[in-house]
Every structure is written in structure tokens, then in C-alpha cells.
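# fold the following, please.
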Amino acid sequence: MASASSSGESQLQRQRRRQLLEAARSRYQLLNYQEKGALVDELVELSGYHRKSVLRLLRQQPADHEGPPARAGADHESAAALGRRRYGPEVVQLLETLWEASDHLCGKRLAAVLPTLVEALERHGHLEIEPVLKRLLLQVSPATIDRLLAPARSAQGGQHRRRRSRIVTGVRRRTTVRTFNGWKGVEPGWFEMDLVAHCGGRMEGPFLWTLVLTDVASGWSECVPLPSRDGLLVRSALQELRKLIPMPLRGIDVDNDTAFMNEELERWCAEARVPVELTRSRAYKSNDQAWVEQKNGMLVRRVVGHRRLEGAQQLERLCQLYAALRLFTNIYQPSAKRIPFEEADLREGRRPRRRHDEPLTPADRLLRWGGMGRKGRQRIEKLQQQCDPVALLGTIRHNQAALVNGGREPDQERESASTTSQELDSFLNSLRLLWQRSEPAKRGGWQAPTRTYRTRADPTLSCWHLVLEWLLADPLLTGQQAMQRLDREQPGLYGGSLRTLQRRMTGWRVANAEQVVGMQMEAFQEQENDQLNRKEKPRQR
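Model prediction:
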């Protein structure tokens, strides 16, 4: 009985709502804009319908049923929609014929060529169009042409679909863009950062990377070798480099590489004791990072070259080379900075005259800066007094020779001394021109998001203790090399688990990123301490 009474009550409520809306429909057409809004607000409150449903019910023709109208199918159209349609099926059929005759042009191009195309088809007897229909056909806008031809395009296979827009990550959307004109009057402490690949022109397989930082105002530069291109390694390297640079780190400008555009680096910049501003350049606009791009050629390509570097031995050699190169470049290598154009530099019919300031080393530019702290000034002055340029240059040349020999000592094999000498001479002579070559192309594309759950048991758990021992002995061990060693020790047991092992090894490297970078920073600190503790030789009279 209760259910019968409740159903009767709900039916009565629906009937009252229908009568209310039918009574308001006749008034709605006679009201002005403000009065229509007030009426709709009142009906929403009385009926409990959504505002859009009330508007649809007020605008449609009277119907026997109550409630929002059902969505029309592809083949069924309401009488109101047909009454409002300007271009009927005849126009659509003509458009499809002209679209086929134009070899499937887009709406904007088809609208431009319609007068000429219609006249040509009529002249050659392929088409006969009534004057009224022809006038309607020539009035169709490009957007309407695309909408009317959408079913025909989908029937053709959809080969003319619009290109999908490029995905933009949230970090890129939140990061401020800084162009090449955004560095006017900047003080020391604002760095540009980039990664250089030592792949030898082949991006497959593991190889070393160099992280380059350049101060825009002073030219102070730092180079750090990295075993792989990873965001956590970049963050750990920045954390260690912040202790070595003599000025406070105010901001970092990076490109759109995913090693920089990630939440780890964004969070580190925001949560630092003194927050660091993170900016980025425009995509495919290398001139926005002109300062660090110039150092990529002068410090990395000119000194290290374009050869492929991989393995723990070459990582150690590269670290020792950069430890001496940073002191030699920042203390004893002056550079002249461009002065902005003025009115006197503009000459009629000729290029503007370029002017440069006095050549100064990065250390001298920092000492002339009034905002330099006392500790940083004392540190730079002590480095200028204690660093031996001949010893630093000897260290650089020694490690260059070791990189040429694949990480071996230059005098390790005396039998091939002449060959090594000739190869080293040709290598050093060619360094002057190496920086003019283009860098290897960066791989594009977007990777699928990493899956965080497992679908089956991990088959590498039982052998992970062995792989961990190999990783501690050789941090640059690849997953394929580890799998080959496992197959030799236990044949056929771990076949097909290479990708699982590689993911586990990648996770271990990420978790120990600070330890890996910290070992490299020890060589930097050791080289600087050796130079600071060096006793000055007595002058010869």
C-alpha cells in the first residue's frame, strides 16, 4: 500500500511540473532578457530540474511527455532542427561531389576554389545547378564545409583528421619562459644549464653525459660528468655544485628536456634554503640559451671532442679532466662580453657595429662585482694566488691522452707509444675545429607513463644479491651485461627477464644518485684543495 501511494504521489508531482512548464512556455517568449532569467530561476527552484533542462523544455514545441528530450540519433532529426537548417541535403550532396572533384581539399581551400570549380564543371557539362542552389552553395563558410563533409571524410577512412596537439606537461606549464632578451642587467648567480651527450653520433646503448652550468653575468662555468641522463642525477649534481660555486645560486634557466622539466628539480628549487628560480627556454630556440651553448662548444666539444665515452674508467678520467678545467678556465681564461647596441652603432646600409667590453676572466668579473660576499672573495683571491696554470694544463692534457687510449695510462703500453703519440697529436690538433660540428640530435617523442604495479612475481628477486655485488663493483654495468653473466652462471633460469632486471637496476641507480654524484664531486674538491694547499715555489733570481 505504501509503494502504491508513493507512486501515485510521484505521478501527481510530475503532472504538476508539466502543467507548470506548459503554462510558463507561452509567457517565456514574450519576456525580455532580464525577465526570462528571473522566470528560469523561479522554475528551477519550483521543479527541481537543472537550469539547462528547464531552458530546453521552454524552447521546444509542446510534447506529451515530461522531462528532458532524448538525444536524437544519427538518422533521426527533430522538426525544429530541420526548420533551423540553412543548407539542406541537396547542398551537402553537391559539396561531396565538389570535394571529390577537388581531390579532398580542406574546407578553407575548398571555399576559395568553389567559384572557379563550379564554373569549370558546368562549362564542361559535368554539373547542372539551379541558380538558387548555386547561390547557397557559394555562401557556405569554410567551417560549415568541414562540418557538412565530416561524415564523408569518416567514410573515407579519416585520413584527413587534424593533427593532435603536442602534450605539455604540468611542470612546463608552470615554468616561466625566458628568452635571449631577458638577461639585461642581470647580476651573478643566474645560471644557464644544459646536457651534452658523449655518444659519438649514436644514441643507442649506455654512454656518458656532461652537465654544463654557465653564469650569465660573469661567465663562471662548471662541468660535471654524469653516467646517465636522469633527473635525480641532475638534482644531486646541482646540490653538490652549489657548495663549489663562489656566488649564491639565484636561478637556473634550462631547456625543455625531461631531465630538467620534472617535479624533482621543481621541488628542489622551491624547497631550497634560499629558493632558486627555475625558468626555461622556448622549444627549438637554442639562441635563448646562447651562453651555455657557447660553453658547450668551448669547454666540452673543444676539449673532449665528439668521440663516444662510456664505462667507469672514462667517467673517472672525465671527472679528473673537468676538475682541472674548471680552475684553468675560470681563473686564467679571459673573455670579452658583448655590449648592447646603441644608437651610435647603427649605420645606414650596413650591419650594426658590434662592441665588446674589456677582456676579463670570470674570477676578475666576480671580484669587480660589488655584491660578492667576503668568503667568496677570499676564496677566489686564494685560488688566483695558489693555482698553477702549467700544472692544471698538464692535468688536462694527461687526461685527454687517457681518453684517447680508452682510459689506460698513456705510458701503459710502450710498444704502441709512437702510434699513441700520433693519435694524440692528431686528436689535440683537431680539437680546435671539433666545436664547429653540430651536436648529436636529441631523441624526441613521448614515453608512456611508468606502470607502478606488478602483474606477476619478480623472477629477479632470487638473483638480485649477485647483481647488487656486480653493481657495487661497477656502477655502469648494463642490464644486458648482467643478464649475460647470469646466463653463464645459471643457464636458462632467467631468460626473458631482461626488462625487469633493467628496471630494478635503474631504480637502484636512482636511489643511490647522490652517492654516485658525491664520488665525482670528491675529485673536484680534491683538485681544488691541492691547488689551495700548494706551496709557492721561491722565485729564481
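
# what element comes up after the helix or strand bottoming out on mean pLDDT in the chain heading to the C-terminus?
One helix or strand of the chain scores below all others by mean pLDDT, DSSP states H and E: helix 417-434, with a mean of 46. Where DSSP states H and E defines the elements, the next helix or strand beyond helix 417-434 is helix 464-473.

# so for that following helix, what gets flagged as buried?
Neighbour counts over helix 464-473 (16 or more other C-beta atoms under 10 Å) mark 467, 471 as buried. Heads up, the C-betas are built off the backbone N, CA and C, glycines and all.

# with just CA atoms, put that helix into PDB.
Extracted C-alpha coordinates of helix 464-473, given in PDB (Å, rounded to 0.1, in the frame of the first residue of the first chain):
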ATOM      1  CA  TRP A 464      69.400  -9.600  -7.100                       C
ATOM      2  CA  HIS A 465      72.100 -10.100  -4.400                       C
ATOM      3  CA  LEU A 466      74.500 -11.200  -7.100                       C
ATOM      4  CA  VAL A 467      73.600  -8.300  -9.400                       C
ATOM      5  CA  LEU A 468      74.000  -5.900  -6.500                       C
ATOM      6  CA  GLU A 469      77.500  -7.100  -5.900                       C
ATOM      7  CA  TRP A 470      78.300  -6.500  -9.500                       C
ATOM      8  CA  LEU A 471      76.800  -3.000  -9.400                       C
ATOM      9  CA  LEU A 472      78.800  -2.000  -6.400                       C
ATOM     10  CA  ALA A 473      81.900  -3.100  -8.200                       C
END
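
# what is the mean pLDDT for it?
What helix 464-473 shows for mean pLDDT is 84.

# report the distance from that helix to the chain centre.
34 Å (C-alpha atoms, centre = their mean, to the nearest Å).

# just checking, what packs against it?
Counting contacts by 3 or more C-beta pairs under 8 Å, 6 or more residues apart in numbering; DSSP states H and E, helix 464-473 is packed against helix 479-489, helix 498-511.

# touching it from outside, list them.
The contact list for helix 464-473, computed with C-beta atoms under 8 Å, 6 or more residues apart in numbering, reads 460, 477, 482, 485-486, 489, 501, 504-505, 508.

# separate out the buried members of the residues you listed.
Of the contacts of helix 464-473, these count as buried by 16+ other C-beta under 10 Å: 460, 477, 482, 486, 501, 504-505, 508.

# between the residues you listed, which sits nearest residue 326?
residue 477 (28.7 Å; C-beta to C-beta).

# and the closest one, what does it touch?
470-471, 505.

# pick out whichever of those sits closest to residue 59.
Looking across these and measuring by C-beta to C-beta, the closest to residue 59 is residue 505, at 64.4 Å.

# isn't that closest one up against residue 481?
No: using C-beta atoms under 8 Å, residue 505 is not in contact with residue 481, being 10.3 Å away.

# need the contacts of residue 477 in a markdown table with distance to residue 257, can you?
Formatted as a markdown table, the contacts of residue 477 follow (distance: C-beta to C-beta, whole Å):
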| residue | distance to residue 257 |
| --- | --- |
| 470 | 30 |
| 471 | 26 |
| 505 | 22 |
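
# between these, which sits nearest residue 110?
The closest of those to residue 110 turns out to be residue 505 (C-beta to C-beta; 56.0 Å).

# quick check: the closest residue to the closest one other than its chain neighbours vs residue 31, distance?
Spatial nearest neighbour of residue 505, excluding adjacent residues (C-beta to C-beta, 6 or more residues apart in numbering): residue 479 at 5.4 Å. Taking C-beta to C-beta, to the nearest Å as the measure, residue 479 falls 73 Å from residue 31.

# and for residue 88?
33 Å.

# between these two, tell me which one has more neighbours.
Neighbours were counted for residue 88 and for residue 31 using other C-beta atoms under 10 Å; residue 31 has more, 14 against 11.

# tell me the spacing between that one and residue 244.
Residue 31 is 75 Å from residue 244, by C-beta to C-beta.

# residue 333 too?
18 Å.

# who has more neighbours, the two?
When neighbours are counted by other C-beta under 10 Å, residue 333 and residue 244 differ, and residue 333 comes out ahead with 17 against 14.

# excluding chain neighbours, what is closest to that one?
Closest to residue 333 by C-beta to C-beta, 6+ apart is residue 361, at 6.2 Å.

# who touches the one you found in this structure?
Contacts of residue 361 (C-beta under 8 Å, 6+ apart): 330-335.

# and the buried ones among the contacts of helix 464-473, which two are furthest apart?
486 and 508 (15.8 Å).

# for the stretch 201-350 of the chain, what spans make up the strands?
208-215, 221-226, 251-254, 277-280, 338-339 (DSSP state E, counting those that start in this stretch).

# nearest to residue 368, of these?
So among these, strand 208-215 is nearest, using C-beta to C-beta, at 13.8 Å.

# any idea of the angle that closest one forms with strand 221-226?
On the basis of axes from the mean of the first three to the mean of the last three C-alpha atoms, to 10 degrees, strand 208-215 is oriented at 160 degrees to strand 221-226.

# export strand 208-215 as CSV, just CAs?
Extracted C-alpha coordinates of strand 208-215, given in CSV (Å, rounded to 0.1, in the frame of the first residue of the first chain):
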residue,chain,number,x,y,z
LEU,A,208,78.3,9.4,-20.6
TRP,A,209,76.8,12.9,-20.4
THR,A,210,78.2,16.2,-19.3
LEU,A,211,76.1,18.7,-17.3
VAL,A,212,77.2,22.3,-18.1
LEU,A,213,76.3,25.4,-16.0
THR,A,214,77.3,28.9,-17.0
ASP,A,215,76.8,32.1,-15.1
